[in-house]
Each structure stands twice: as structure tokens, then as C-alpha cells.
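Peer 1: A predicted structure for the sequence below; I have some questions about it.
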Amino acid sequence: MTIGMPANETFEPVTIVNEEGSGPFVLVCDHASNFMPECYGHLGLSSEALQAHISWDPGALGVSLQLSKLLDAPLIYSNVSRLIIDCNRETVAPDLIPCRSELTDIPGNADLDADERERRIALSHKPFHDTIDRLIDARQSKGASSALVSVHSYTPIYKGETRPWEIGLIYGDDASLAKPALQLLKNRTSYTVGDNEPYSPADGVYYTLQRHGEARGLVPLMIEIRNDEIATPDAEAAWAATLAPILKDALAQAGGK
């Protein structure tokens, strides 16, 4: 199946907030939006599905924007639904453009040809990662350190299984930021904190941090917040207020600024 963008449909696939932020963190939000270009016709999904977690990470952008202010950190986020293409997947990953997400079939993603896959990569995936590269390159040229933190949310119940953690920290080979952050969360809050839960890099969810963090020698961390915890702007702000000092103190323990 080939779809393609009409010549008169334009939008910005990626946004940078606080690009000149001078703090030591760079924030990314891969699944910030459930927007779908008009030509894709909602991929044959209902309006309820478009609002659900399969289309985006509800609350993640709100937390990210608040953290950007509190940490004086640049924030890069995608403006395209992960059902069009998942910016947090390798381009060869089977779920880069999912035909099924959780328990929902995605009719508009069935039987895509190679041209359509490349078109979607060029539409959103490549601009997102190119933007991250440019920002980090610019910071490094100025001698600025950059700890790379991605912000996500997840569902309280996944395929019938209840998830007990209010927040989880995901990390790979470099746990220098994750380990002190985990301990600080346990010491300063009453939350049940997931240690590489509800996901881990083995689930294929660590692409952005591996590519731009570990591969470049930057300190990485993936934050997953259960989306019922960040269902309102006030809740988003409260979580950001909790996380900002923890991230600062964890980075200091990890040897960063």
C-alpha cells in the first residue's frame, strides 16, 4: 500500500523548546503527540483509539515542558503519532510502523510497501533524530555537558495485567544516572518505583537513548510515568516538581554538573 503526502499538506514534524537552555540536561519526548497528517485518515481507527495510549503517551509532553522550565533544559519532541511511525524504534524494527498495537489492529498500516515505509521515515523519524543530533552537536561545540533524558508514560493495565509502579526508570549499560535516581525516588517519595519496569531495553524501547546517549558517551535515562498519575495539568506539574530536584541530585552523584 502506498499513501504519500499531498503537496499542499505541511506541518512541523518536530519541535524544540528552550533550545538555548543552559542546564546540563537535554530532554526528549518521542511520543508527545497523537497527530496524524490528514492524508492518513486516522489509519481507520476510532476517535477513542486516537486518544488512547496506543497513539501517544498522554501526559508525557506536559511533564516534559514543566521539566524544561525547572531544569533550564532544551526539549525536543515529535509532533506525529507513533502509529504513523515510532520515533523510538530502529528503522528495521518490526513495530516501527505497527500493524497491531496492544489489542488493536491498525488497518491503515497493513501491507505497506517499501516506498511508503521510507516516506514515513522521511516524514517524522529522520527529522526527529536529525534535530537531536544537531542540538547535541551544538552543545558539544560550546563545551556544554548533556545528560539525555527521555520522558514517557504507560498504561495502568496492559493486556489484562495490572502495573503496580507509579513510575519506572529504564536504563541500559550506563546506569550512572539511573541508580542514584532510583534510590532518591525511593528515599523521597512513597511511590512504588520500577527498576527497568514496566519495560527494559530488551523490549526494544531504548532506541533514542542508545543512539543519542550511550552511543555518544552521554549519560542516559528513560523515565516512564503511569498515565493515570499525570492525567491533569496540575498532576503533570506536580510530577515535574518532584522529578527536577531528583534529577539534579542524581546527576551530581553520577559525577555531572
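Peer 2: Okay, I see it. Predicted model only: the values in this text are computed from it and were never measured.

Peer 1: which element is residue 153 on?
Peer 2: With elements taken from DSSP states H and E, the one containing residue 153 is strand 147-154.

Peer 1: partners of that strand, with directions?
Peer 2: Strand 147-154 has the following strand partners under DSSP bridges: strand 25-29 (parallel), strand 220-226 (parallel).

Peer 1: does residue 31 count as helix, strand or coil?
Peer 2: Reduced to three states with DSSP: H, G, I helix; E, B strand; the rest coil, the structure at residue 31 is coil.

Peer 1: Around it, count how many other residues there are.
Peer 2: Residue 31 has 24 neighbouring residues, counting by other CB atoms under 10 Å. All C-beta atoms are positioned from the backbone trio N, CA, C, and that covers glycine.

Peer 1: from what I can see it touches residue 88, true?
Peer 2: Yes: Residue 31 is within contact range of residue 88, at 6.9 Å (criterion: CB atoms under 8 Å).

Peer 1: any shared contact partners between those two?
Peer 2: Residues touching both residue 31 and residue 88 (CB atoms under 8 Å, 6 or more residues apart in numbering) are residue 82.

Peer 1: Off-centre distance for the strand holding residue 153?
Peer 2: From the chain centre to the centre of strand 147-154 is a distance of 5 Å (CA atoms, centre = their mean, to the nearest Å).

Peer 1: avg pLDDT for that strand?
Peer 2: The average pLDDT within strand 147-154 is 98.

Peer 1: I'd like the next helix or strand past it.
Peer 2: Heading C-terminal from strand 147-154, the first helix or strand you meet, by DSSP H and E, is strand 157-158.

Peer 1: quick one: strands adjacent to that next one?
Peer 2: Looking at strand 157-158 with DSSP bridges, its partner strands are strand 161-162 (antiparallel).

Peer 1: on contacts alone, who are the packing partners of the helix or strand just after the partner strand?
Peer 2: Next along the chain after strand 161-162, taking DSSP H and E as the criterion, comes strand 167-170. On a contact count with 3 or more CB pairs under 8 Å, 6 or more residues apart in numbering; DSSP states H and E, strand 167-170 meets helix 178-188, strand 193-195, strand 220-226.

Peer 1: got the angle for the last one vs helix 178-188?
Peer 2: So that's strand 220-226. 40 degrees (axes from the mean of the first three to the mean of the last three CA atoms, to 10 degrees).

Peer 1: Give me the angle between the helix or strand just after strand 220-226 and strand 147-154.
Peer 2: Using DSSP H and E, the next helix or strand after strand 220-226 towards the C-terminus is helix 233-253. Relative orientation of helix 233-253 versus strand 147-154 (the same axes, to 10 degrees): 140 degrees.

Peer 1: Is it correct that residue 30 is in contact with residue 128?
Peer 2: Yes: counting by CB under 8 Å, residue 30 touches residue 128, with 7.4 Å between them.

Peer 1: For those two, list the residues in contact with both.
Peer 2: Joint contacts of residue 30 and residue 128 (CB under 8 Å, 6+ apart) are 78, 87.

Peer 1: Name the residue in these two with the higher neighbour count.
Peer 2: Ranked by neighbour count (other CB under 10 Å), residue 30 and residue 128 place residue 30 first, with 28 against 24.

Peer 1: how would you label the closest residue to that one other than its chain neighbours: helix, strand or coil?
Peer 2: Nearest residue to residue 30, sequence neighbours excluded (CB to CB, 6 or more residues apart in numbering): residue 88, at 4.0 Å. With three-state DSSP as the basis, residue 88 sits in coil.
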